[in-house]
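Visitor: Here is my input; please provide its structure:
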Amino acid sequence: MIRKMERGDLLPCGEIYARAFPQEHWGIDWTQENAAAYLQDFFEQKKFVGYVYEEEGQVLGCVFALRRICGSREEMYIQEMAVLPQRQGRGIGRQLLDTVGAYCREQKLAGMVLYTGSHAPAARFYETNGFQVSPGIICMYRDM
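Guide: Got it, this is the predicted structure:
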C-alpha cells in the first residue's frame with residue numbers, strides 16, 4: 001500500500017536509503033541515522049511531497065520530492081527514491097513514481113524532473129518508466 005509520508009517514517013526510510021545506496025557503489029558511508037537526517041532536510045521543506053510503500057506495517061520503499069517553480073511552470077523534482085534492495089524489481093518503485101505522477105496531474109504540474117548517476121542501474125529503470133535524458137542539460141560538480 002502506498003500512503004503519504006509521515007515524520008515517523010524518516011528512520012525506516014533512512015534504513016532503506018542506507019541499504020539501497022551502499023558505500024562500495026556510491027562512496028558515501030550511509031547509516032540509518034545520517035541517511036534519515038539527510039532525508040529530513042527534504043521532509044521539512046515547504047513544498048515537500050513524499051510517499052512510502054508499506055506492507056504489513058513495514059516501510060519497503062520511499063520517494064522524496066519537492067514542488068519547484070521553473071520560469072512560468074511548476075514542476076516536481078524527485079530528490080530521492082529508494083526501495084529495499086531485496087524488494088527491488090517487484091514494481092514498488094514504479095508504484096511510487098505513478099503516485100507522484102498522479103499527484104502532478106491532479107495539481108496540473110508541468111512534469112517531473114530527477115537526476116541519477118550515469119553509472120547507476122536506476123537510469124534504465126527511469127527510462128522504462130517514461131523518463132528521458134534532457135537535451136542540453138549538463139550536471140557539473142566542483143570538488144572542494
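
Visitor: State the number of residues packed around Gly50.
Guide: By other CB atoms under 10 Å, 24 other residues sit near Gly50. In this view, the C-beta of every residue, glycine as well, is placed from N, C-alpha and C.

Visitor: residues touching the nearest residue to it once chain neighbours are set aside, list them.
Guide: Closest residue to Gly50 apart from its sequence neighbours, by CB to CB, 6 or more residues apart in numbering: Met5 at 3.5 Å. Going by CB atoms under 8 Å, 6 or more residues apart in numbering, Met5 touches Cys13, Phe43, Gly50, Tyr51, Val52, Cys62, Phe64.

Visitor: three-state assignment of Arg124?
Guide: helix (DSSP: H, G, I helix; E, B strand; the rest coil).

Visitor: Could you check how far it is from Gln95?
Guide: Using CB to CB, to the nearest Å, one obtains 18 Å as the distance from Arg124 to Gln95.

Visitor: Mind checking which of the contacts of Met5 land in strands?
Guide: Gly50, Tyr51, Val52, Cys62, Phe64 (DSSP state E).

Visitor: Pretty sure the third one sits against Leu11.
Guide: So that's Val52. No - using CB atoms under 8 Å as the test, Val52 is too far from Leu11 to be in contact (11.8 Å).

Visitor: what residue ranges in this structure score low on pLDDT?
Guide: The chain contains residues with pLDDT under 70 at 25, 119-120, 126, 131, 138-144.

Visitor: Going along the chain, name the helices of this protein.
Guide: Per DSSP state H, the chain carries helices over the ranges 10-20, 23-26, 32-43, 92-106, 122-128.
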